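Engineer: this is the structure alone, sequence omitted:
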Ligand code: FES
Ligand code: FES
């Protein structure tokens, strides 16, 4: 089989560089939730919770924000991070 | 008064570059909280809250994590982000 020649060292080094995506400005942690709001704050009324234990998102990747939908697992796997939800117990 | 001469354009441009600090791997959002844990999860017992309204941190910069200590304001200002706490109401 014909294989492609190895890339020169300089090209390999460049390939190894990390591409940094600007999300909410460098160092921002919320890529897309309610960016029209100056500050995203949510309120939980504990007495009105329907379930005994409700997980709330702290990774800013949930499709059901402010609730946690498990998306922190993908974020942690992709980035080496260790974030998880806040569980509110009635 | 003696003032320093203006830096040449190339130096000024370099000064304007953004320094990217790797926090929890590229794209990670928790720089330092309980990094020895695979996943940081906290539980709030709503009935045991002492105040009528308690803010919980979602920016991972609080000195009193899992509580919010207002550090989100500095983070938002520095990065252009818009994150804020979850308020748990008894
Ligand atoms: S989806 Fe964000 S903490 Fe679970
Ligand atoms: S200090 Fe993190 S949300 Fe307020």
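Structural biologist: Thanks, I have the structure now. Quantities reported herein were computed from a predicted structural model and do not represent experimental measurements. Numbering: from 1, shown residues only, chains lettered A, B, ... in the order given. Ligands and ions are numbered 1, 2, ... in the order given.
Engineer: where does the prediction get shaky in chain A?
Structural biologist: For chain A, the stretches with pLDDT under 70 are A:1-25.
Engineer: ranges for the strands of it?
Structural biologist: Secondary structure of chain A (DSSP state E): strands located at A:40-45, A:53-56, A:83-89.
Engineer: state the paired neighbours of the last one in the sheet, together with their directions.
Structural biologist: Okay, so that is strand A:83-89. strand A:53-56 (antiparallel), strand B:40-45 (parallel) (DSSP bridges).
Engineer: now those as CSV including mean neighbour count and distance to ligand 1?
Structural biologist: Every residue, glycine included, has its C-beta placed from N, CA and C. Listed next are these as CSV, based on neighbours: other CB atoms under 10 Å in any protein chain shown; distance: least, CB to the nearest ligand atom, whole Å:
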stretch, mean neighbour count, distance to ligand 1
strand A:53-56, 18, 6
strand B:40-45, 17, 9
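Engineer: turn those into TSV, columns for distance to residue B:58.
Structural biologist: As requested, those are arranged in TSV below (distance: least, CB to CB, whole Å):
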stretch	distance to residue B:58
strand A:53-56	8
strand B:40-45	11
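Engineer: need the helices for chain A, in chain order.
Structural biologist: Secondary structure of chain A (DSSP state H): helices located at A:9-15, A:72-79.
Engineer: nearest spatial neighbour of residue A:27, chain-adjacent residues omitted?
Structural biologist: For residue A:27, ignoring the flanking residues on the chain, the nearest one in space by CB to CB, 6 or more residues apart in numbering or on different chains is residue B:79 at 4.3 Å.
Engineer: quick check: that neighbour touching residue B:29?
Structural biologist: No. With contact defined as CB atoms under 8 Å, residue B:79 does not count as touching residue B:29 (10.9 Å).
Engineer: now do the shared contacts for those two.
Structural biologist: residue A:29 (CB atoms under 8 Å, 6 or more residues apart in numbering or on different chains).
Engineer: neighbour count: the two, which is higher?
Structural biologist: residue B:29 (29 against 19; other CB atoms under 10 Å in any protein chain shown).
Engineer: what's the spacing between residue A:42 and ligand 2?
Structural biologist: 11 Å (CB to the nearest ligand atom, to the nearest Å).
Engineer: contact partners for that residue?
Structural biologist: Each residue near residue A:42 by CB under 8 Å, 6+ apart is listed here: A:56, A:66, B:86, B:87.
Engineer: and those, which of them are buried?
Structural biologist: Among the contacts of residue A:42, those buried by neighbour count (16 or more other CB atoms under 10 Å in any protein chain shown) are A:56, A:66, B:86.
Engineer: is the first one in a bridge, and if so with what?
Structural biologist: Beta-bridge partners recorded for residue A:56 (DSSP bridges): residue A:67, residue A:86.
Engineer: would you confirm that it contacts residue A:84?
Structural biologist: No. Using CB under 8 Å, residue A:56 is not in contact with residue A:84; the gap is 10.5 Å.
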